[in-house]
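1. based on what follows, work out the 3D shape:
(chains A and B)
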Number of protein chains: 2
Amino acid sequence: MTDLSTHPTRIAGAWLADFASALESNHVDAAIALFAPECYWRDLVAFTWNIRTQEGPEAIRAMLTARLADTQPSAFAVEGEATEVDGVVEAWFAFETAVARGRGHLRLRGGKAWTLLTTMTELKGFEELKDERRVNGAEHGVHPGRKTWLERRQDEAAALGHTEQPYVVIVGGGQGGIMLGARLRRLGVPTLIVEKNERPGDSWRKRYKSLCLHDPVWYDHFPYLPFPNDWPVFAPKDKIADWLEMYTKVMELNYWGSTTAKKARFDTARQEWEVVVERDGREITLRPRQLVFAMGVAGYPSVPQIAGAETFEGEQHHSSAHPGPEAYRGEKCVVLGSNNSAHDICAALWEHGADVTMIQRSSTLVAKSDSLMELGLGDLYSEAAVKAGLTTDIADLIFASIPYKILAPLQVPVYDEMKRRDADLYARLAAAGFMLDFGPDDSGLTMKYLRRGSGYYIDVGASELVANGSIKLMSGVTIESIGPRSVTLSDGSQLPADLLVYATGYGSMNGWLADLISPEVADQVGKVWGLGSDTPKDPGPWEGELRNMWKPTQAPNLWFHGGNLHQSRHYSQFLSLQLKARLENIPISVYEVAPSFHAR
Amino acid sequence: MTDLSTHPTRIAGAWLADFASALESNHVDAAIALFAPECYWRDLVAFTWNIRTQEGPEAIRAMLTARLADTQPSAFAVEGEATEVDGVVEAWFAFETAVARGRGHLRLRGGKAWTLLTTMTELKGFEELKDERRVNGAEHGVHPGRKTWLERRQDEAAALGHTEQPYVVIVGGGQGGIMLGARLRRLGVPTLIVEKNERPGDSWRKRYKSLCLHDPVWYDHFPYLPFPNDWPVFAPKDKIADWLEMYTKVMELNYWGSTTAKKARFDTARQEWEVVVERDGREITLRPRQLVFAMGVAGYPSVPQIAGAETFEGEQHHSSAHPGPEAYRGEKCVVLGSNNSAHDICAALWEHGADVTMIQRSSTLVAKSDSLMELGLGDLYSEAAVKAGLTTDIADLIFASIPYKILAPLQVPVYDEMKRRDADLYARLAAAGFMLDFGPDDSGLTMKYLRRGSGYYIDVGASELVANGSIKLMSGVTIESIGPRSVTLSDGSQLPADLLVYATGYGSMNGWLADLISPEVADQVGKVWGLGSDTPKDPGPWEGELRNMWKPTQAPNLWFHGGNLHQSRHYSQFLSLQLKARLENIPISVYEVAPSFHAR
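-> Below is the predicted model:
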């Protein structure tokens, strides 16, 4: 037993010592010699002040050549015991840079580095006031004129955005903005969140009422305050909404509800933003140094222009505005689209006695929720993972340690198994005419999510209704034209319709920029989201990271934050550290801001 | 090293095996032979359906004789490694009874049991729906007519107390009622909390504004949802208030604010309570099976009857009604009392420029907060304890494992050290005329708290003001009479007074019973709180547990819950299990309900 447990640690320790020695003596060649020919170094802010994967020895050489002198890495030390499975040695390690502490993860094959992850954990001298650093709360001793916690909170709320300017304005007060706000609060970065809805959580409350999270609880925890251990596996939307509202309050975030961002302009001379917002009908100009868009994973609702839509006498709306099924009992409902929202809405309408037809325009990935939980997430995010000691933080770092380049091939066997396991459902869906796919390279749902943020349904029951014909299906067609009480499909068939739901997705996030800032800045930034995989809706060139997310963009002092709860949680750490470093005037040299592609 | 770590575990394992064998074969004599002549068996619900300490072999024999056949203990197993310090072997163990699972703690001296703790953890078949048992949240599949989480919550809130009766009504929606409510929610016990204030947390919000918790954060965690790791050591009152409000919402408690309990009567024929409450000006009769008083650690504010009080032309109020110092700048303020509230109020008034005199009627224990944290609580509740692996749950059980009989002598050395460490402060306080004590047996603050709930000040700065004369002190006197703008003390001296604060404490909790139920029931129950130590304000006879707290009382279906945050957290576990067992008609035989003493 001793051999199995200590040998990998010894191997990893030796590699790390060599690596540290090469870096500390500025021997780039010696460092490169420690990597395998196929190798990846993913860095989250620690070396590059960017979120970047260096793919291959030459990319690593270029990065080190540019960044080693500034970074001054040191104090590398293996943490815990390394493991070895199938010839791959895995180890955790701690390290420092000139300005920060970090945590890393290493995979060795044949003694050489296959994957390396370096992440920034905290800035030296600007650590969070937690655990033994926490504040005292009561100010012992005698302090004439002292203010209480409540008075200080009230003073701060009254001043921020009026007599004092926030360093960061976050546009969008959903989960992403709130999680980032909590991180920035911890770091002492004056931040104001502006949100068009009245209360935190409203963006969930206002969605269709059967909505539950599609990701399981272990994947969804918030920073600092994990859900209680009886939290449902798939939280209902209103429960998450209440949690968001509570979290915003407990974390003492400065949150302006009922506030709409109207216009923003970067004042180059003053190096600050002018952000005009309307709050309770009154215009206020905010002057933050940094502006973060945190409006989810997508842009504006996409509603296709269809001839005759204006003549429709029934009700028509985008899925994001769908109120739920109650009002449509006995009515003829047509839902355009076949992704998550389309399925959820169709199922709820059918449950409430509506006559429902789904229009499937193109093939869709269907993954049963249980299978996805077990096969796709279970190793990292499940009760079993928790019992095995995988904290949320460790699971996030393991997930982050897999470069996007090799994530797709690693996912293929997962979906091969899913096809076997759920063969019966897939056969019946196909027999019902449903067009199935598993991604252009069979790499499944996670890759579709990362590449395009769409193209799938996580099945929680609606697929059975499609398979058995309860939800009528028209596939391989779209709506060609709309009449007063009907739609005409591209195959010439006609359907009567009282309700028409456009479950047609969302545009790119840079659509907001065009409206709020300018079309020029939107094009300067380019497409947001996607890896550049050159697959449908994710045009190349390959970038190897999500475009423009959580990292410097081509527009100065402009940032994007968002994604699912997992991403909002984990990447808010790195975005908050980048913002804090700028507030504190820590010397920053960003390694290769990604060029922009795909103007609107 | 091997000897040190395995030997105690072997000793404990052997003892536990003998104990298990004796109990499982119903050999009471054999079991008793395993105890030392000085021995204590503290049981929290598992064996006795009561909270009781059996002191000495004969008390243990009596308990076992009465309870062994019903309890059917089994499956004893040492958990983790036992330890040995100074000849005392300590071990954790798991066990089961016929109806429950439990956890125990054991201290052996010379191979015999010195202290034994047995606690009930969960009822078999009625486990909390947590971790792998958690609910799914989303109901996968197709369920026509399904209701959402929000609809079900709304339906429940609309029905409870109107068309459906709660099993438990908790009178008092402060921290105690809320924590117990959360436990009962987890156990599926229909519960309604009624609270006279509008919102959860208002009982904190309405207190004097400089108030912070006097206990540190590690001692104060709530069940299920620990504070974030940046929570202040001593949380300000308004921050705790917001937490209470959030917690009530997130835990989905049924909470009626602005609701006053007016009258309660136990209907013996129907075996249920009739509780008349006034909610928003309307009378509603609730019919719960169980009634819990959770109104803190004390009863009504005590205001002494002083001649001439009605002639006073300034402002006079009890400390619980003190609004804070702002309005009293430059005024002459007299504070009657010398415990926590008196000191806090005096200091805040002095900070705001008032002329303040404290009237100390009798000696007071002063413990500097830092010293108390380090010497009194640090082993169990501190950042160091957390780092050493002491979870809140483990710390609570260790605390619970020390019988009250031996807690007092164990505390004496703590205060000896405190007297040495803070000798300078104590000397200067004495020089200023302040009457100090450390308890009748020098056992300090915790014992004063448990015995009488009063008699001390946790110094966060005011003692310095007393010592240096900033807060004027009149000690060994009381107020004899009151004039329009002055008070006359028992030594004949007279003080001018614009403000008179009665920081004079609270009555016994059974005062509420007299008003809400009847004087007869109040006397049937007797004094609430106190151990029976035969020390000031804790008259005997010795009971060895807190009178009437968290356990069956002499009045059927009537319970008391409360205490500080630590006690509310830990003992709510045992009260909730007792209530759940009754709801589920689990056979219960309470071993020796404590007789009542000290009618009002």
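
2. which helix runs longest in chain A?
-> helix A:2-24 (DSSP state H).

3. show me what the very next helix or strand once past that one is packed against.
-> The element immediately downstream of helix A:2-24 (helix or strand, assigned by DSSP states H and E) is helix A:28-32. Helices and strands in packing contact with helix A:28-32 are listed as helix A:2-24, helix A:57-71; criterion 3 or more Cβ pairs under 8 Å, 6 or more residues apart in numbering or on different chains; DSSP states H and E. C-beta coordinates here come from the backbone N, C-alpha and C atoms, glycine included.

4. buried residues in helix A:28-32?
-> Of the residues in helix A:28-32, those scored as buried under the neighbour-count criterion (16 or more other Cβ atoms under 10 Å in any protein chain shown) are A:V28, A:A31, A:I32.

5. relative to the whole chain's centre, how far out is it?
-> 34 Å (Cα atoms, centre = their mean, to the nearest Å).

6. show me the contact partners of that helix.
-> With contacts defined as Cβ atoms under 8 Å, 6 or more residues apart in numbering or on different chains, helix A:28-32 is touched by A:D18, A:F19, A:S21, A:A22, A:L23, A:P57, A:I60, A:R61, A:L64, A:T65, A:L68.

7. which residue packs closest to A:H343, ignoring adjacent ones?
-> Nearest non-adjacent residue to A:H343, counting by Cβ to Cβ, 6 or more residues apart in numbering or on different chains: A:A462, 3.9 Å away.

8. doesn't A:I471 make contact with that neighbour?
-> Yes. Counting by Cβ atoms under 8 Å, A:I471 is a contact partner of A:A462 at 6.7 Å.

9. overlap in contacts, those two.
-> A:C346, A:A347.

10. so which residues of the stretch 51-200 of chain A form strands?
-> If you assign secondary structure with DSSP state E, counting those that start in this stretch, the strands in the stretch 51-200 of chain A sit at A:51-55, A:74-85, A:88-96, A:100-109, A:112-123, A:168-171, A:191-194.

11. out of the ones you listed, nearest to chain B?
-> strand A:112-123 (13.2 Å; Cβ to the nearest Cβ).

12. parallel or antiparallel, which strands does the closest one pair with?
-> Next to strand A:112-123 in the sheet, as set by DSSP bridges, lie strand A:35-44 (parallel), strand A:100-109 (antiparallel).

13. so can I have JSON lines of the ones you listed showing mean pLDDT and distance to A:P413?
-> Formatted as JSON lines, these follow (pLDDT from 0 to 100; distance: least, Cβ to Cβ, whole Å):
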{"stretch": "strand A:35-44", "mean pLDDT": "98", "distance to A:P413": "19"}
{"stretch": "strand A:100-109", "mean pLDDT": "98", "distance to A:P413": "18"}
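
14. quick revisit: nearest to chain B among the contacts of helix A:28-32?
-> Minimum separation from chain B among the contacts of helix A:28-32 (Cβ to the nearest Cβ) is found for A:F19, which lies at 30.0 Å.

15. what's the burial count for that closest one?
-> Residues contacting A:F19 under the criterion other Cβ atoms under 10 Å in any protein chain shown number 22.

16. ok, it touching A:F35?
-> No. Applying Cβ under 8 Å as the test, A:F19 and A:F35 come out as separate, 9.3 Å apart.

17. ok, A:Q316 to B:W204 distance?
-> The span separating A:Q316 from B:W204 equals 51 Å under the rule Cβ to Cβ, to the nearest Å.

18. try A:N136
-> 18 Å.

19. neighbour count winner among those two?
-> Neighbours per residue (other Cβ under 10 Å) separate A:N136 from B:W204, with B:W204 holding more: 23 against 14.

20. which residues does that one contact?
-> Applying Cβ under 8 Å, 6+ apart, we find B:W204 in contact with B:G174, B:L211, B:K237, B:D238, B:I240, B:A241, B:L244.

21. rewinding a little: pipe the contacts of helix A:28-32 into JSON lines and attach distance to chain B per row.
-> Formatted as JSON lines, the entries for the contacts of helix A:28-32 read as follows, by distance: Cβ to the nearest Cβ, whole Å:
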{"residue": "A:D18", "distance to chain B": "33"}
{"residue": "A:F19", "distance to chain B": "30"}
{"residue": "A:S21", "distance to chain B": "32"}
{"residue": "A:A22", "distance to chain B": "34"}
{"residue": "A:L23", "distance to chain B": "31"}
{"residue": "A:P57", "distance to chain B": "41"}
{"residue": "A:I60", "distance to chain B": "36"}
{"residue": "A:R61", "distance to chain B": "40"}
{"residue": "A:L64", "distance to chain B": "35"}
{"residue": "A:T65", "distance to chain B": "39"}
{"residue": "A:L68", "distance to chain B": "34"}
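
22. now the closest residue to A:V250 other than its chain neighbours: which helix or strand?
-> If you skip the residues right next to it in sequence, A:V250 has B:M246 as its closest partner in space, 5.5 Å away by Cβ to Cβ, 6+ apart. In this structure, B:M246 sits in helix B:237-250 according to DSSP H and E.
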